[in-house]
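Novice: Got a sequence here, can you model it:
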Amino acid sequence: MTGITVPSEKRLVLVTGRAHPELAGEVAEALGVDLVPTSAYDFANGEIYVRYGESVRGCDAFVIQSHCAPINRWLMEQLIMVDALKRASAKRITVIAPYYAYSRQDKKHKGREPISARLIADLFATAGADRLMSVDLHTAQIQGFFDGPLDHLWALPLLSDYVRTRVDRTRLTVVSPDAGRVRVADLWSDRLGAPLAIIHKRRDPSVPNQVKVHEVVGEVRGRTCLLVDDMIDTAGTIAQASEALFENGASDVLVAATHAVLSGPAVDRLKNSRISEVIVTNTLPLPEEQLFPQLTVLSIAPMIARAIREVFDDGSVTSLFDGNA
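Specialist: The predicted model follows:
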C-alpha cells in the first residue's frame with residue numbers, strides 16, 4: 001500500500017443552545033437528523049460551560065441559537081459553542097442566528113456611538129465561524145459586516161402565502177408603518193399584487209416633543225390593510241399606525257412581521273388594539289404569557305432546514321427565494 005485512504009463523505013451535525021430548543025428540534029426533524037447531545041450550564045458566578053457529547057471532528061457543523069432575552073447571555077453561549085466546535089476540529093462552522101442581535105445598531109446616528117451589529121459579526125468570526133445565516137436582517141448592509149458568506153433568508157414567502165389564505169386581495173392594501181420600512185412594504189406589494197400605502201409621522205406644532213400626526217399616503221378607506229415590518233418590539237409604532245388607518249376609514253387591519261420581540265407593553269398594546277390578526281414567525285421563542293387571541297405563529301423551521309441542506313450540499317440558497325436572496 002502506497003498511501004492512506006480516508007473517507008470522503010461529509011457529515012452534517014446540528015447543535016443548539018438553550019435559548020430556543022423548540023425551533024432547533026423542528027429544524028432537526030425537518031432535516032432528518034438528531035441534535036448533537038450537548039451539556040450546557042451556568043456556573044455559580046454566571047459563566048457558561050458547554051461540551052459536546054460526541055465527536056464533531058471533520059464535520060460540517062451548524063450551530064443554531066435565537067438571540068432572545070436575555071440577549072447577552074444567549075449570544076455569549078453561542079460564541080462559546082462556536083469556540084468549542086473549532087477546538088474540537090469541526091471542518092466548517094455555520095452560525096445560525098434566526099434573529100440577529102444588535103441588528104438595529106447598524107450605523108452611527110451620532111458621534112461616539114458604536115456600530116454594534118458589526119461588532120457581533122467580528123465576534124463570531126473571531127470565535128471561528130466560517131459562515132453566518134440569519135432571517136430578515138433589520139438592514140441589508142449587515143451582510144457586509146461579516147468577512148465571509150452570509151445567507152440572508154426571507155420570511156416573506158412564508159408570511160405572504162399565509163396572508164393569501166386570509167384576505168380578499170382585491171380589497172387589500174399593503175401599508176408601511178413608517179418611511180423606514182417602505183422597501184419591505186414594496187416587496188410585499190409586488191408579491192401580493194396589492195397597492196401600497198405609507199404612514200408618514202410628523203410632529204404636531206401645537207404639541208412639542210411628541211409625534212401626534214400620522215398622515216396616510218395612499219388609498220385605505222374601506223379596504224383591508226396589512227401593516228408589514230421586520231420586527232415588533234414594544235408595538236408602539238404598529239399600534240399607532242393601526243389607529244391611523246382606522247381613523248382614515250380602513251375596514252380591517254392585519255399585521256405581519258418576522259420577529260416577535262414583544263418587549264414591555266407590546267402584548268397589552270396588541271391585545272387591546274383593533275387589529276384583527278398579528279402574524280409572526282417563531283424565530284424567537286414565545287412563552288405562554290406572550291400569547292394572545294389575535295396572534296398567529298408560523299414556523300420558520302422548514303425554510304431554515306432547506307437552507308442548511310443547500311449549504312451542506314454546496315447548492316444555492318438564493319434559489320429558495322426566486323433569486324432574490
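Novice: my read: L245 touches V174, true?
Specialist: No. At 11.7 Å, L245 does not count as touching V174 under the criterion of C-beta atoms under 8 Å. C-beta here means a position set from N, CA and C on the backbone, and glycine is covered the same way.
Novice: Mind listing the shared neighbours of those two?
Specialist: Listed as contacting both L245 and V174 by C-beta atoms under 8 Å, 6 or more residues apart in numbering are C225.
Novice: A256 touches D161, doesn't it?
Specialist: No. In this structure A256 lies outside contact range of D161 using C-beta under 8 Å: 11.1 Å.
Novice: between these two, which one's more packed in?
Specialist: A256 (26 against 11; other C-beta atoms under 10 Å).
Novice: Can you tell me the SS state at the more buried one?
Specialist: Of the three states, A256 takes strand under DSSP: H, G, I helix; E, B strand; the rest coil.
Novice: Which residues are in contact with the closest residue to R164 other than its chain neighbours?
Specialist: Nearest non-adjacent residue to R164, counting by C-beta to C-beta, 6 or more residues apart in numbering: L192, 7.1 Å away. Listed by C-beta under 8 Å, 6+ apart, the contact set of L192 reads 160, 163-164, 169, 172, 174, 226.
Novice: starting at the chain centroid, how far to the top helix by length along the chain?
Specialist: Longest helix of the chain, by residue count under DSSP state H: helix 71-87. Helix 71-87 sits 19 Å away from the centroid of its parent chain (C-alpha atoms, centre = their mean, to the nearest Å).
Novice: Next: stretch 10-28.
Specialist: Using C-alpha atoms, centre = their mean, the offset of stretch 10-28 from its chain centre is 16 Å.
Novice: Do me a favour and average the pLDDT over the helix or strand containing A125.
Specialist: Under the criterion of DSSP states H and E, A125 resides in helix 116-127. Here helix 116-127 scores 97 as its mean pLDDT.
Novice: Can you give the contact residues for the next helix or strand after it?
Specialist: Going down the chain from helix 116-127, the next helix or strand is strand 131-135, by DSSP H and E. Strand 131-135 has contacts (C-beta under 8 Å, 6+ apart) with 62, 92-100, 121, 124, 142, 146, 148-155, 258-259, 281, 283, 300, 303-304, 307-308, 311.
Novice: Dump strand 131-135 to CSV, restricted to CA.
Specialist: Presented in CSV, the C-alpha positions along strand 131-135 are these (Å, rounded to 0.1, in the frame of the first residue of the first chain):
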residue,chain,number,x,y,z
ARG,A,131,-20.4,31.4,7.7
LEU,A,132,-23.5,33.2,9.1
MET,A,133,-27.1,32.6,8.4
SER,A,134,-30.0,34.8,9.6
VAL,A,135,-33.6,35.6,8.8
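Novice: coming back round to it: of the contacts of strand 131-135, just the buried ones, PyMOL syntax please.
Specialist: Those of the contacts of strand 131-135 that count as buried under 16 or more other C-beta atoms under 10 Å are selected in PyMOL with:
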select buried, resi 62+92+93+94+95+96+97+98+99+100+121+124+142+146+150+151+152+153+154+155+258+259+281+283+300+303+304+307+308+311
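Novice: Cross the contacts of strand 131-135 against helices and list the overlap.
Specialist: In helices, judged by DSSP H, the following of those are found: 121, 124, 303-304, 307-308, 311.
Novice: Mind putting the residues you listed into a markdown table with distance to A88?
Specialist: Converted to a markdown table, the ones in helices among the contacts of strand 131-135 look like this (distance: C-beta to C-beta, whole Å):
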| residue | distance to A88 |
| --- | --- |
| A121 | 23 |
| F124 | 17 |
| M303 | 28 |
| I304 | 23 |
| A307 | 24 |
| I308 | 20 |
| V311 | 20 |
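Novice: Which one of those residues is nearest to L79?
Specialist: F124 (6.9 Å; C-beta to C-beta).
Novice: Can you give me the pLDDT of the residue nearest to that closest one when sequence neighbours are not counted?
Specialist: Spatial nearest neighbour of F124, excluding adjacent residues (C-beta to C-beta, 6+ apart): V95 at 5.2 Å. Note for V95: predicted pLDDT of 98.
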